[in-house]
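> this is a predicted model, with the sequence first.
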Amino acid sequence: PCDTSSAAAYSPVNQSEAALVHVPAGVNSLQLQASASVPLSIALKDHSTGEKVAAALSTGTQSVSWKGIAGNLSASQSSTTSSPQWKVEVQFTGQMPSELDVIVHGVSGTGRHLAELRYAYTSYTSCKQPDQPWGCADFARFAARELVFNWSSWAQTAFTNSSQAWYGLCAKTMQKVSPLQPGPVPFYMFGEVWAAWPLANLVHPGWREAFRFIDSLGGTPPDGYVDESEFETAYGLASTFISIYSWCESLHKDYKTSEDAWSALSGINQFSFGQTTVDYQAWKERFWDGVKTDSGMQKASADQTFVYTDADGDQEISEKEFKAVFFSCSSQQAGQPPGGAGQAAANAEEGDVSSTSDADAISGRTASATSSSTTDAEKIPTAKCLYARIEYAGKQVGDQTSQSPLTSNASACQAQCRKTAGCTYFTWQPDGSCKNFAADAQWKTASGAISGSSRCILSVHYTVAGVAPSALVPSQAAAMESEIA
């Protein structure tokens, strides 16, 4: 930014790994210094031509003349501290005539160490303040949440639990760079943690957005570090879907409408004097502590479900966010795909059924002027997985260009959806095309298409030899059923 004339940053360095600082044209009286607990070298390169401005220097001083301005390089060891410190520095007098790259390496045999980089300048001629800082964009929390959700699916496959994941991804990464120790992961190291995910370089948004999202999971403002508690919540995000789905179905058994459920659980009514949302403590005590899961299913924590439900990240759960959970399982739509019908049902509660097609969707029928005695809805499989003659429409995510690879079948398309950041639903066509859609997509009937969610929900029913299901009391019958994704 134009109003920042000095700053500091950190970067791991060794003989093959460099800290690269790009200096724009127009900077006046540049001073840049790098320091570490091991010997360093510094070199300069013309950014536009790639030509060397100054060869690597690891000891002593060196004068530099470049495009009409004079500069100086230096490399030295400090003896004023109890632990040795090496320092390299570059200084220029005058205005930078064009773009310059400053390259800092560790010298041979030093391993990976953390270098601190500090720069300062007197002014920046012709600086144009960008609408957003360079390299940044508006933080889209929902997209970041979907990204971490997909990462969580991989992490839970790669590691047995969050403790193993924390050690394998975070602690080991920190140990590789001296003098860092296992502990909270700072921003400048998180890219290496994220890089272990095979899809890290194939999805957008990327590790910076993931860091921002995970750093906000502790219930406190982001502090620039991902600690183990925040990491644990992020690790469990994918399995949280199963607990939410199961709870959604139980809500439909206990309450007729989402308004009834919200009023009963939140305690918010006409006498609440302006209160419209619930915070984490209220969520934990009123909503989640009393939730019972199916036998054999691990219940997600209140932290995880709060993060999952709090779509806008304001640390409050609104009735709108709760309604999204209430309709996420679309239990009123037996045999219907999730997404479109759930939205139609939500509209119905709000008195917004303005057409026959909406009403038909709510009642489990499709609006199709056909003389066949079998409706489209009856032809749709009742499994909570793939749906024949259904396609989604709405916001697409991932690579949707004409060069997108074809998939051999619907299962391969579903697998592609799971690997695509932000993908909630997919549609596969017989020609092999595979489209990925965000959570707000709506479905419609379409000949030949097969669609579904990124994950299937498998209903498991247990039986006991010699015991008829009719002989079981309701609590026993419930214990004999479970769902897994």
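Done, it's in. Residues are numbered from 1 along each chain as shown.
> a helix runs through residue 308, doesn't it?
Yes. When DSSP: H, G, I helix; E, B strand; the rest coil is applied, residue 308 is found to be in a helix.
> could you find the closest non-adjacent residue to it?
Excluding its sequence neighbours, the residue lying closest to residue 308 (Cβ to Cβ, 6 or more residues apart in numbering) is residue 240, at 4.8 Å. In this view, the C-beta of every residue, glycine as well, is placed from N, C-alpha and C.
> scan this protein for its longest strand.
Selection of the longest strand in the chain by residue count, based on DSSP state E, yields strand 442-453.
> what's the helix or strand residue 262 falls within in contact with?
Taking DSSP states H and E as the definition, residue 262 sits inside helix 258-266. Residues outside helix 258-266 that contact it (Cβ atoms under 8 Å, 6 or more residues apart in numbering): 251, 254-255, 268-269, 278, 282, 286-287, 319, 322-323, 326-327, 346, 349.
> of all those residues, which comes closest to residue 418?
Minimum separation from residue 418 among these (Cβ to Cβ) is found for residue 327, which lies at 21.8 Å.
> ok, the closest one to residue 257 distance?
As judged by Cβ to Cβ, to the nearest Å, residue 327 and residue 257 stand 11 Å apart.
> mind checking which of those two has more residues around it?
For residue 327 against residue 257, the residue with the higher neighbour count under other Cβ atoms under 10 Å is residue 327, and the figures read 23 against 15.
> quick revisit: please compute how far the longest strand of the chain lies from its chain's middle.
The chain centroid and the centroid of strand 442-453 are separated by 27 Å under Cα atoms, centre = their mean, to the nearest Å.
> swap in stretch 302-313?
The chain centre lies 13 Å from the centre of stretch 302-313; the measure is Cα atoms, centre = their mean.
> how about stretch 116-126?
The gap between the average C-alpha position of stretch 116-126 and the chain average comes to 33 Å, counting by Cα atoms, centre = their mean.
> run through the stretch 1-150 of the chain and note the low-pLDDT ranges.
1, 3, 79-83, 110, 129-139 (pLDDT under 70).
> could I get the full set of strands for it?
In the stretch 1-150 of the chain, the strands defined using DSSP state E, counting those that start in this stretch lie at 6-13, 19-23, 27-28, 31-36, 40-46, 52-57, 60-66, 69-78, 85-93, 100-106, 113-120, 123-124.
> can you put those in a markdown table and add mean neighbour count?
Written out in a markdown table, the entries for the strands of the stretch 1-150 of the chain read as follows (neighbours: other Cβ atoms under 10 Å):
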| stretch | mean neighbour count |
| --- | --- |
| strand 6-13 | 16 |
| strand 19-23 | 16 |
| strand 27-28 | 18 |
| strand 31-36 | 20 |
| strand 40-46 | 22 |
| strand 52-57 | 17 |
| strand 60-66 | 12 |
| strand 69-78 | 16 |
| strand 85-93 | 20 |
| strand 100-106 | 22 |
| strand 113-120 | 18 |
| strand 123-124 | 16 |
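> would a markdown table of these with distance to residue 148 be doable?
Formatted as a markdown table, those follow (distance: least, Cβ to Cβ, whole Å):
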| stretch | distance to residue 148 |
| --- | --- |
| strand 6-13 | 24 |
| strand 19-23 | 28 |
| strand 27-28 | 37 |
| strand 31-36 | 32 |
| strand 40-46 | 35 |
| strand 52-57 | 40 |
| strand 60-66 | 45 |
| strand 69-78 | 41 |
| strand 85-93 | 38 |
| strand 100-106 | 32 |
| strand 113-120 | 26 |
| strand 123-124 | 36 |
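> list the contacts for the nearest residue to residue 288 once chain neighbours are set aside?
Residue nearest to residue 288 in three dimensions, not counting chain neighbours: residue 302, with 4.4 Å by Cβ to Cβ, 6+ apart. With contacts defined as Cβ under 8 Å, 6+ apart, residue 302 is in contact with 280, 283-284, 288-289.
> can you pick out the ones from those residues that are in helices?
When helices are assigned by DSSP state H, the members of these inside them are residue 280.
> for ChimeraX, write the selection for the buried entries among the contacts of residue 302.
If you want just the buried ones from these in ChimeraX, going by 16 or more other Cβ atoms under 10 Å, the selection is:
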select :280,283,284,288
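> re the thing from before, can you pull the buried residues of the helix holding residue 262?
Those would be 258, 261-262, 265-266, for helix 258-266 by 16+ other Cβ under 10 Å.
> which of the residues you listed lies closest to residue 2?
Set against residue 2, the nearest of those by Cβ to Cβ is residue 266 (46.9 Å).
> mind checking pLDDT for the closest one?
In the predicted model, residue 266 carries a pLDDT score of 90.
> do you know how far it is from residue 228?
Using Cβ to Cβ, which is the criterion applied here, residue 266 is 31 Å from residue 228.
> cool, and residue 454?
Between residue 454 and residue 228 the distance is 28 Å, computed by Cβ to Cβ.
> please apply the same query to residue 261.
For residue 261, the distance to residue 228 - Cβ to Cβ - is 34 Å.
> for residue 149, same thing?
Where residue 228 is concerned, residue 149 sits at a distance of 20 Å (Cβ to Cβ).
> the more surrounded of the two?
Between residue 149 and residue 228, residue 149 has the larger neighbour count (other Cβ under 10 Å), namely 21 against 18.
> residues contacting that one?
Going by Cβ under 8 Å, 6+ apart, residue 149 touches 237-238, 241.
> tell me the most packed of these, by neighbour count.
Neighbours here mean other Cβ under 10 Å. Within the contacts of residue 149, the largest count is held by residue 237, at 26 neighbours.
> quick check: phi and psi at the residue nearest to residue 288.
Backbone torsions for residue 302, taken as degrees, to the nearest 10, come to phi -60, psi -40.
> mind checking pLDDT for it?
With respect to pLDDT, residue 302 scores 87.
> repeat for residue 222
Residue 222 is assigned 82 on the pLDDT scale.
> now do the SS call for residue 181.
At residue 181, secondary structure determined by three-state DSSP is coil.
> remind me which helix or strand the nearest residue to it once chain neighbours are set aside belongs to.
With sequence-adjacent residues excluded and distances taken as Cβ to Cβ, 6+ apart, residue 181 is closest to residue 174, at 6.4 Å. Using DSSP H and E, residue 174 maps to helix 172-175.
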